[in-house]
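Asker: no letters, just coordinates:
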């Protein structure tokens, strides 16, 4: 069901070796990073709840990934509201990225990210979008690990495959309640 999330992170974001998330590209997934960022920029209070997941995520688009990092860093600024966060990000040179993230095309895919959406709606939508963004990446990483294991059966490739399979099972279990 789509109830209120339990306290703490609803998803454990996949922990991947540095740079690996940027390498895995999944067709049709380009909109989710923008909706995740739009929701947090328009609802900075969400950072208290989703900052860890956002911090452990890596976006394949380098400009969006830099914006993601800047949003997380700005989350440490006490009392920063939506306009303050936008102003801070513009001052850091993210005007173009903000225009791309806060555009109507993004809001059409993620109404929860709109500025007028309630915090509860933004929270529930963020978690669903996070699952839709991360699940295909984890599945692609698992396929890559399986192929690597097929090419070279070593304790390292077996361990990587087992770790990813376990992580995917845990993630899918949590995501089912949000994605349906």
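Answerer: Thanks, I have the structure now. Every value quoted in this text rests on a predicted model; they were computed, and no experiment measured them.
Asker: every contact and neighbour count from this point should use C-alpha atoms.
Answerer: Noted.
Asker: can you give me the strands in the chain?
Answerer: For the chain, applying DSSP state E gives no strands.
Asker: what's the burial count for the closest residue to residue 110 other than its chain neighbours?
Answerer: Leaving aside its sequence neighbours, residue 110 sits nearest to residue 35 (Cα to Cα, 6 or more residues apart in numbering; 5.9 Å). Residue 35 has 28 neighbours, counted by other Cα atoms under 10 Å.
Asker: how about the one 10 residues further on?
Answerer: Look at residue 45: counted by other Cα under 10 Å, it has 19 neighbours.
Asker: again, but for the one 3 residues further on
Answerer: Number of residues near residue 48 (other Cα under 10 Å) recorded here: 13.
Asker: just residue 139 next, same as before
Answerer: Neighbours of residue 139 (other Cα under 10 Å): 16.
Asker: how near is it to residue 145?
Answerer: To residue 145, residue 139 is 10 Å away according to Cα to Cα, to the nearest Å.
Asker: with residue 32 instead?
Answerer: According to Cα to Cα, residue 32 and residue 145 sit 24 Å apart.
Asker: one more: residue 53?
Answerer: With the distance defined as Cα to Cα, residue 53 ends up 23 Å from residue 145.
Asker: contacting residues around residue 37?
Answerer: By Cα atoms under 8 Å, 6 or more residues apart in numbering, the residues touching residue 37 are 68, 101.
Asker: tell me where this structure is predicted with low confidence.
Answerer: 1-29, 175-180 (pLDDT under 70).
Asker: top helix in it by residue count?
Answerer: Looking across the chain with DSSP state H, the single longest helix is helix 119-151.
Asker: show me what it is packed up against.
Answerer: Helices and strands touching helix 119-151, by 3 or more Cα pairs under 8 Å, 6 or more residues apart in numbering; DSSP states H and E, are helix 31-42, helix 155-179.
Asker: out of these, flag the one nearest residue 130.
Answerer: helix 31-42 (6.9 Å; Cα to Cα).
Asker: gap between residue 166 and residue 172?
Answerer: In terms of Cα to Cα, residue 166 sits 10 Å off from residue 172.
Asker: repeat that for residue 36.
Answerer: Taken as Cα to Cα, the span from residue 36 to residue 172 is 19 Å.
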